[in-house]
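>>> Output the structure for:
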Amino acid sequence: MSPGPSREKGAPRSARRSLALALLCGAAGAAVVLLASGRTWAEATARVVQGALPQTASGQDVTGVPGALAVVGLAALVAVFAVRRAGRIAVAALLTLSGLGIVIAAFLGASDTAALKEKAATVTGLTGADVENVSHTAWPWVAVAGGLLLLLAGLLALAYGRHWPAMSGRYERPSGGSRSPRRAAAADPERPEEIWKSLDRGEDPTR
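Numbers count the residues shown, from 1 in each chain. Model prediction:
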């Protein structure tokens, strides 16, 4: 008994599921990181003559790396479908590295106090101003989670991206130079744009 037909049937299904999961993880991860970067990551008080002044530091104050890499990762996620072969592998690697970089930067920023001390120095006018009662919020770890989602999207692109369709395929000019009018192609449910539309409609694209 030949396993060919069942294997051919399973390959598109696996590719479609990995594509839908990568799109969900990548888009959600970038959104989560950008949201977390604008939130408060650390709080403290700075001692002045008049008393204590509360100081806060957002994710952008602590490190701008997660937010910047989230934009790069989102762009790489879209670019995965615009290139093929070696280009797709390179873009998928960039997406993976973006997620990994976010995880590392957010992890290091979770206990950072340099931004708070810099703000305290600005308020007090003292270069070596210190801060007290330092506390950190959960937002750095939210950014770590977003980075992990982008990392997962990149790994999926590296593992299954060669089976994914390319957006540019529908715009290629047919060979032979025929000028006869072409009929509009039926919507292909395997294309990335169709999966995006099904996600927007709340449908499960893996069915």
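>>> Which stretches in the protein count as strands?
40-48, 51-58, 131-136 (DSSP state E).
>>> now, of these, which is deepest in the fold?
Most buried of the strands of the chain, by mean neighbour count (mean count of other C-beta atoms under 10 Å): strand 40-48, with a mean of 20. C-betas here are computed from N, CA, C, even on glycine.
>>> which helices and strands does that strand pack with?
With contacts taken as 3 or more C-beta pairs under 8 Å, 6 or more residues apart in numbering; DSSP states H and E, strand 40-48 sits against strand 51-58, helix 59-62, helix 114-124, strand 131-136, helix 139-160.
>>> Starting from Thr45, give me the distance back to the residue lying closest to Ala110 once chain neighbours are set aside.
In space, Ala110 comes closest to Pro140 once its chain neighbours are excluded; the distance is 3.7 Å by C-beta to C-beta, 6 or more residues apart in numbering. Going from Pro140 to Thr45 by C-beta to C-beta, to the nearest Å gives 20 Å.
>>> Check Ala30 too.
Distance of Ala30 to Thr45, given as C-beta to C-beta: 34 Å.
>>> same thing with Thr96?
Distance from Thr96 to Thr45, counting by C-beta to C-beta: 40 Å.
>>> likewise Thr113?
Thr113 is 12 Å from Thr45, where distance means C-beta to C-beta.
>>> joint contacts of the two?
Taking C-beta atoms under 8 Å, 6 or more residues apart in numbering as the criterion, Thr113 and Thr45 both touch Val131.
>>> Have a look at the protein and report its longest helix.
helix 4-37 (DSSP state H).
>>> got the contact list for the closest residue to Val32 other than its chain neighbours?
Computed as C-beta to C-beta, 6+ apart, the closest residue to Val32 that is not its neighbour in sequence is Gly146, at 3.3 Å. If you count contacts by C-beta under 8 Å, 6+ apart, Gly146 has them with 28-33, 35-36, 66, 70, 102.
>>> which of those residues has the most neighbours?
Counting neighbours by other C-beta atoms under 10 Å, Ile102 leads these with 34 neighbours.
>>> excluding its backbone neighbours, what's nearest that one?
The shortest distance from Ile102 to any non-neighbouring residue, by C-beta to C-beta, 6+ apart, is to Gly147 (3.1 Å).
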